[in-house]
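Asker: With the sequence up front, the predicted model follows.
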Amino acid sequence: MGNEADRVITGIVQQEARLDLALMEIIDDEGISRTWIQNNIKAGLVRCNGDVVTKPSLRVKKGDLLEIRLRSRISELQPADVEYSVVYYDEHLAVIDKPPNLVVHPAPSVKGLTLCHGLLKDFPQVKNVGSAERPGIVHRLDKDTSGLMLVALSEKGYAGLTKMISEKSVSRKYLVAVYGVANRPFEVDAPIGRDPRNPTRMAVVPHGKNAYTRFRPVQCLEKVSLLEAELFTGRTHQIRVHLSHAGFYVLGDPVYGNVESRLLAPRVFLHSYYLELEHPITGERLFFVSPLPEDLDECWHILGGGDVVYPTICA
């Protein structure tokens, strides 16, 4: 377990760009920084069309095949006490309720404990499920997002859940408060990729990965709205980017919000409140609900909102 384990990621360049920016687009990982990618390029861990390349500023063309070898120290991922709630578990899967300010899995730019460290402590069998760097992880929530998440506890569970998520047969719904009045349902079907003006952000871009989100109003006040967001794909920051693209800004969002929205919530007002799926092994229909956490519920009431009626449950 002390040896380094390599994971190779490959991808096709979608539009001409610098090598480091093209790789950020391909990796699409919130925890991997541009500096880390540049260091890997200089270390000779990147190939373009089969040839080793060591210059981050190299221009790559549409259609070029890029390959990067990600190195991680497996021995660094050790069991540890991490605060989160277990909503359900069986032999093959678990549903957990993640608090805000907790990163799901280790990454080069992530310091400190992650959800994966806690999973290894509470479910030791997860170390053999999925990848060594992301044991049991079949999808993730952003660091600042709270709420329900699926975790695989067996290889059968992992295979089944990843297949179901790719086939869009897992229902994932969120509650999100935005600056602006959104009093009718709407949807955003727009590709997401790295923002060419700021590679640390995501944006709707022509050559991004397909992304689709459906929104419907829960409560509307004079200047803010509480929405239900349903994910049909799982891109980094998808809900926040799609809302910003539609002219709405998530309250408390320091990255995609505007001046007014950033001051109206103690953190990003985004909570994964509903999961529904058919058990990948038994076929049993499962659904789970996580009410708004106390901090977000209090924030909504301070803004003038009433008690939240959960739309999917009460429909």
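Answerer: Arrived safely, thanks for sending.

Asker: In contact with residue 157, which residues?
Answerer: By Cβ atoms under 8 Å, 6 or more residues apart in numbering, the residues touching residue 157 are 91-93, 129, 280-281. Quick note: C-beta positions are derived from backbone N, CA and C, even for glycine.

Asker: In three-state terms, label residue 104 for me.
Answerer: coil (DSSP: H, G, I helix; E, B strand; the rest coil).

Asker: what's the burial count for it?
Answerer: Counted with other Cβ atoms under 10 Å, residues neighbouring residue 104 total 23.

Asker: so who does it touch?
Answerer: By Cβ under 8 Å, 6+ apart, the neighbours of residue 104 are 98, 114-116, 134, 137, 140-141, 143, 149.

Asker: Over to it: give its phi and psi.
Answerer: Torsion angles at residue 104 (phi, psi; degrees, to the nearest 10) stand at phi -70, psi -50.

Asker: same check, this time on residue 20
Answerer: phi -60, psi -40.

Asker: Nearest residue to it in space, ignoring adjacent ones along the chain?
Answerer: Setting aside the residues directly before and after it, residue 20 is nearest to residue 56 in space (Cβ to Cβ, 6 or more residues apart in numbering), at 4.1 Å.

Asker: Now do the contacts for that neighbour.
Answerer: 18-20, 37-38, 41-42.

Asker: Also residue 77?
Answerer: Shown in contact with residue 77 (Cβ under 8 Å, 6+ apart): 106, 116-117, 120, 132-133, 135.

Asker: do the same with residue 184
Answerer: residue 217.

Asker: Assumed it was part of a helix.
Answerer: No: using three-state DSSP, the secondary structure at residue 184 is coil, not a helix.

Asker: ok, so what distance separates it from residue 274?
Answerer: 21 Å (Cβ to Cβ, to the nearest Å).

Asker: Check residue 42 too.
Answerer: Where residue 274 is concerned, residue 42 sits at a distance of 45 Å (Cβ to Cβ).

Asker: Also residue 132?
Answerer: 31 Å.

Asker: Disregarding residues adjacent in the polypeptide, which is nearest to residue 182?
Answerer: In space, and not counting its chain neighbours, residue 182 is closest to residue 225: 4.4 Å by Cβ to Cβ, 6+ apart.

Asker: Of residue 132 and residue 274, which one has the most company?
Answerer: residue 274 (22 against 16).

Asker: Return the residues in contact with that one.
Answerer: Per Cβ under 8 Å, 6+ apart, neighbours of residue 274: 148, 171-174, 287-290, 310, 312-313.

Asker: quick revisit: could you dump the contacts of residue 77 into JSON lines and include distance to residue 9 and pLDDT?
Answerer: Listed next are the contacts of residue 77 as JSON lines, based on distance: Cβ to Cβ, whole Å; pLDDT from 0 to 100:
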{"residue": "106", "distance to residue 9": "16", "pLDDT": "83"}
{"residue": "116", "distance to residue 9": "19", "pLDDT": "96"}
{"residue": "117", "distance to residue 9": "23", "pLDDT": "96"}
{"residue": "120", "distance to residue 9": "23", "pLDDT": "97"}
{"residue": "132", "distance to residue 9": "15", "pLDDT": "82"}
{"residue": "133", "distance to residue 9": "12", "pLDDT": "82"}
{"residue": "135", "distance to residue 9": "18", "pLDDT": "95"}
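
Asker: which of those residues sit farthest apart?
Answerer: Maximum pairwise distance in the contacts of residue 77, criterion Cβ to Cβ, is 13.0 Å, between 117 and 132.

Asker: correct me, but residue 33 touches residue 40?
Answerer: No: if you go by Cβ atoms under 8 Å, residue 33 and residue 40 don't touch, sitting 10.7 Å apart.

Asker: Pick out whichever of these two has more residues nearby.
Answerer: Taking other Cβ under 10 Å, residue 33 and residue 40 do not tie; residue 40 has more neighbours (21 against 17).

Asker: if I've got this straight, the more buried one is in a helix?
Answerer: Yes: looking at residue 40 with three-state DSSP, it is inside a helix.

Asker: Give me the below-cutoff pLDDT ranges for the chain.
Answerer: Scanning the chain with the threshold set as pLDDT under 70 gives 1-6, 29-31, 71-76, 109, 312-315.

Asker: per the record, what domains does it have?
Answerer: The chain breaks down by automatic domain parsing into domains covering 4-75, 77-166, 168-315.

Asker: from the middle of its chain, how far away would the second one be?
Answerer: Relative to the centre of its chain, domain 77-166 is centred 12 Å away, using Cα atoms, centre = their mean, to the nearest Å.

Asker: May I have the beta-bridge partners of the nearest residue to residue 186 once chain neighbours are set aside?
Answerer: With Cβ to Cβ, 6+ apart as the criterion, residue 186 has its nearest non-adjacent residue at 5.4 Å, and that residue is residue 215. On the basis of DSSP bridges, residue 215 is bridged to residue 186, residue 229.
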